[in-house]
Every structure is written in C-alpha cells, then in structure tokens.
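S.K.: model the structure of this input:
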Amino acid sequence: RIELGEIEAALSQCPGVQTAVVTAVGEARGGKRLVGYAVPAPGDSLNGEELRGLLRSKLPEYMVPSSLRILDSLPLTANGKVDRGALPALAQPASSERPAAARSATTERIASLVGQCLRLDEIDDGKSLFELGASSIEMVRIANRLESELGSRPTMGELLRLPSVQALAAFYEGQADFAAEDHRRRTAGESAAPAMPWDLLIDPQARESFKEGRLGLRRDTGGAASFALGAPSAGVAEIFRARRSRREFADRPLLLADLAELLAILDQVQEAGAEPRRLFGSAGALYPVQAYVHVKPRRFSDLPAGGYYHDPEQRELRLLSPGGRLEKEAFGRLNRDLFERSSFVVFLIGQLSAIGPMYGEASRDFCLIESGLMTQLLEMAAPYAGLGLCQIGSCDIAHLRDLFRLEETHVYLHALVGGPLPRREHLRVPAPAAEGTQDWEEGEL
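M.R.: As a prediction, this is how the structure comes out:
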C-alpha cells in the first residue's frame, strides 16, 4: 500500500520546499502514476529531477513520484484547503512548453505514440519520459508500440539512456541512416556487416534434405580424446520412448480430464507445512510465463470451444472468450494444416510487467528460458494423458489479444498444438516425478 501522506512528508522535508502535495493521476486499472507538486520557499528555486533524486535516498523506488511539478502556489478551495481535484490538470504539460521547431516525421510519430501511452495531449520532445509521468510498465508499453510502429524496439537500457522523444527520434533516424548506408555498400559491392548467408527454405524436400545433414553435430573434433558414456538406464530409455513430436492425431473427441492431466505438470503444489513448489524453476521465483489454451469447436465432449487461461495455483481453466475462434492465418504457412488437424493449442505467453521491474532488458530472455522448461514438461507428460503435441515457433499475437484478453505487456513466446493419440499409444506408466527445483537467483560470473 502506498501512503501519499508519507511521500508528501518526505517531499516537504527536502531543502527549499515550502509546501508539497502528492497525488495519483490516471485511470484506476493499470494507469495510475504518482505526481508530486512542490512550491519553493521564498528566495529558493527548485528542480523536479533533483527533488526526485533526493526522494530516492529516503523512499523505495515505487514511492518516488514519476513526475514533479514546481508551482508558484497550490490551487485552493473556497475553504482554503488544497484543491486536489484541480491537481491532475496541472500534471499535463502546458501547451507553451511544446517546442516551436518543426518536427521530423519520425519525431512526430514517436511523440504521438508516447502521448497515447501516457494519455497526454501535448508532449515536450526534450523532456524525460519519466518527467512526463511514465511508469516502468508504461515504458514497456512504449517499447512495444515503438516495435509495432517502427519495426524495432530499444532495450530497457537504451530507453534509460534515451529518455526523451527527441533522443528516441535521433536513435531511430540514426538506424535508418545506417540501413541506407548498409544498402548502398551492398549494392556497390563493398563489404558490409556480416549478414545471414542463406535463404529461408520453403520447399519440403529441401527442408528434409537440410535436416538429414545434421549440421548441429560437430565434425571437426577428430583426434580429441573420447570417453564412452554407455547405454542409458531403463528409466531414461522410457523417457526417450515416450517423448516425440506428433503431427497426426486420432479422430476421436477428448475429455476435460485429458487436458487436466496434461496441464497438471504446470500446476503449483503445496504440501502441508512446505512452501509452494512447481516442477520448473523461474527467474527470481516470479513465474511470469502464463499458459493459455484455445479449444476448437466439437473437439471435446465436455469442454466448450473458446479461449482459456490456466490458473496454476487454483488448478482451473477459466473461459475468457466463450466460442472464441482462432483462424489458421495466425500461424505461418507451413503450420496451418497442422493447426487444422489439431484439437487444441497451448500458448505460452510472457507477462513482462511481472518480471521487468526486476530483470529489465533481460526479462524476455528469462521468459523464453522458462517457456522452454514448460514445453519440455508438457511434451513429457502428454503421452501419459493420451495426447500428442507438436511445437510451433511463430504466431501473430494480434490474433490472440482478444481471444485471451491480453495486455500490451504480454508477449508471445511459444505454442504447442495437440490432439488425441491412438489408444494403443496412451502410456499408463506414471510420469517420473521431479524431486525439486532450485529457483534462479541473480548473480555474476
């Protein structure tokens, strides 16, 4: 809980501050941010960023206002009290603060999307995004919009180094200049930065031939000492036998119990007197990767079609979009027929707001690692649930946002399409249970 009075007291104690007020500005759902207002003592002058720096030495980061406005006086009611209702309007930069100089097309686009993310009508191109009121979550939203609008996104580290619309515009215009120069060098036959020297293989026969080459194995280790590891144990051999990718499925309806047995591998379990545990580790024990399921019409005898969220703590499927459909165009051409044959799809989606404040620009990498661990567990559990799975790497998240009610801070990571196995391939031996996992901790090598 954030106590505004505590923040106001800390701000009022800063040198040169005569009086101060702090309020929460924005929409109730996900849009609130702290804005401070300070009146300097007679003869003193104040700087908003310097005051924020002083507050950081007294308060935790989440209690430091994202923006500080220096006012000649605070608005008062007829009774002489601070008119807090008039303060949010003061959080908007005055139109006179907007630079008069003509903007470039890139600057105009960036200013527009930043204004939309921060719900501001006017943007001062030279002001820090934090001074304009951006929170850490809104910085992620801005990065997402930049990627959507301009084709690439700055890392969180770059956003901190390029804190204004003006700096971001220079960054993107510099990228465009580099791309133009790189193209000029290529067309002129000059050496440029190393590029991918291969074309994407589309032809099925060419792809199969490439797979048979097994280029992932090293062939240049001749003469190195080698030590035989021997045959795998019976338990390991059973795991090898069970785990395989499936692109064909049996023609029969599934039951909710089949899907429940598969998703149980991702559930949180808490034994009496013990801490909650899962079968896979997560950076900082944050578990930002969420599982969603799209169920196709008439593929389950007791589960309606639509988009579902899997709650690993309550061990429930929650129907977010009854009857919600997913078109095959969400996937690449090579996977559309596979999707048509499947009964359901498990999507692994990262919620960056659940990890970004702790891991910054490395957050998506940690989400990808976590989704890999979850994928492995799902593939190992599937045959014991009578299900076959096949991984799909690419998907257009635009097709998923309404289906699963996703926010701007959600990112697509991975997907597995699934369907029923022939009954003779349904394994009855219990899946091996893990003894425990160690959550990752921050450290240095």
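S.K.: alpha carbons only for contacts and neighbour counts from here, please
M.R.: Noted.
S.K.: mind checking the pLDDT average for stretch 405-417?
M.R.: Mean per-residue pLDDT for stretch 405-417: 94.
S.K.: burial measure for Ala285, as a count.
M.R.: Per other CA atoms under 10 Å, the neighbour tally for Ala285 reads 15.
S.K.: for Gly151, that is, sorry about that
M.R.: 10.
S.K.: for Arg336, same thing?
M.R.: For Arg336, the neighbour count with other CA under 10 Å is 14.
S.K.: over to Asp83?
M.R.: Asp83, neighbours per other CA under 10 Å, totals 13.
S.K.: isn't it up against Leu76?
M.R.: Yes. Between Asp83 and Leu76 there is a contact at 4.8 Å, judged by CA atoms under 8 Å.
S.K.: overlap in contacts of the two?
M.R.: Where contact means CA atoms under 8 Å, 6 or more residues apart in numbering, no residue is in contact with each of Asp83 and Leu76.
S.K.: quick check: next helix or strand after the one helix or strand in the chain whose mean pLDDT sits lowest?
M.R.: The helix or strand of the chain with the lowest confidence, counting by mean pLDDT, DSSP states H and E, is helix 87-90 at a mean of 61. Sequence-wise, the next helix or strand downstream of helix 87-90 (DSSP states H and E) is helix 105-118.
S.K.: separation between the residue nearest the centre of the chain and Ala134?
M.R.: The structure's the chain has its C-alpha centroid closest to Leu352; by CA atoms, centre = their mean the separation is 3.3 Å. With distances taken as CA to CA, to the nearest Å, Leu352 is found 16 Å from Ala134.
S.K.: just Ser148 next, same as before
M.R.: Computed as CA to CA, the Ser148 to Ala134 distance reads 19 Å.
S.K.: the two: which has the busier surroundings?
M.R.: Neighbour totals were compared for Ser148 and Ala134, and Ala134 leads with 24 against 11 (other CA under 10 Å).
S.K.: strands of the stretch 1-150 of the chain, residue ranges please.
M.R.: In the stretch 1-150 of the chain, the strands defined using DSSP state E, counting those that start in this stretch lie at 17-25, 33-40, 67-70.
S.K.: can you put those strands in TSV and add mean pLDDT?
M.R.: Formatted as TSV, those follow (pLDDT from 0 to 100):
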stretch	mean pLDDT
strand 17-25	86
strand 33-40	84
strand 67-70	81
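S.K.: how about these in JSON lines, adding distance to Gly230 and mean neighbour count?
M.R.: Compiled in JSON lines, those are given as follows (distance: least, CA to CA, whole Å; neighbours: other CA atoms under 10 Å):
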{"stretch": "strand 17-25", "distance to Gly230": "65", "mean neighbour count": "20"}
{"stretch": "strand 33-40", "distance to Gly230": "61", "mean neighbour count": "23"}
{"stretch": "strand 67-70", "distance to Gly230": "64", "mean neighbour count": "22"}
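S.K.: redo these as a markdown table? Include distance to Thr106.
M.R.: Shown next, in a markdown table, are the strands of the stretch 1-150 of the chain (distance: least, CA to CA, whole Å):
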| stretch | distance to Thr106 |
| --- | --- |
| strand 17-25 | 29 |
| strand 33-40 | 27 |
| strand 67-70 | 25 |
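S.K.: out of these, which is closest to Val293?
M.R.: strand 33-40 (33.2 Å; CA to CA).
S.K.: remind me what the closest one packs against, helices and strands.
M.R.: helix 4-12, strand 17-25, strand 67-70 (3 or more CA pairs under 8 Å, 6 or more residues apart in numbering; DSSP states H and E).
S.K.: format the ones you listed as a markdown table; extra columns: distance to Lys127.
M.R.: Listed next are those as a markdown table, based on distance: least, CA to CA, whole Å:
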| stretch | distance to Lys127 |
| --- | --- |
| helix 4-12 | 22 |
| strand 17-25 | 19 |
| strand 67-70 | 11 |
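S.K.: looking at the ones you listed, which is closest to Phe331?
M.R.: When the helices and strands packed on strand 33-40 are compared (using CA to CA), the closest one is strand 17-25, at 39.9 Å.
S.K.: okay, now the sheet partners of that closest one, with direction.
M.R.: Strand pairing for strand 17-25, determined by DSSP bridges: strand 33-40 (antiparallel).
S.K.: in the chain, which strand has the most residues?
M.R.: Longest strand of the chain, by residue count under DSSP state E: strand 410-420.
S.K.: low-confidence bits of the stretch 151-300 of the chain, can you list those?
M.R.: 156, 175-197, 200, 202 (pLDDT under 70).
S.K.: going along the chain, name the strands of it.
M.R.: Listed in chain order (using DSSP E, counting those that start in this stretch), the strands of the stretch 151-300 of the chain are 289-295.
S.K.: quick one: the helices in it?
M.R.: 156-161, 165-187, 204-212, 234-242, 256-263 (DSSP state H, counting those that start in this stretch).
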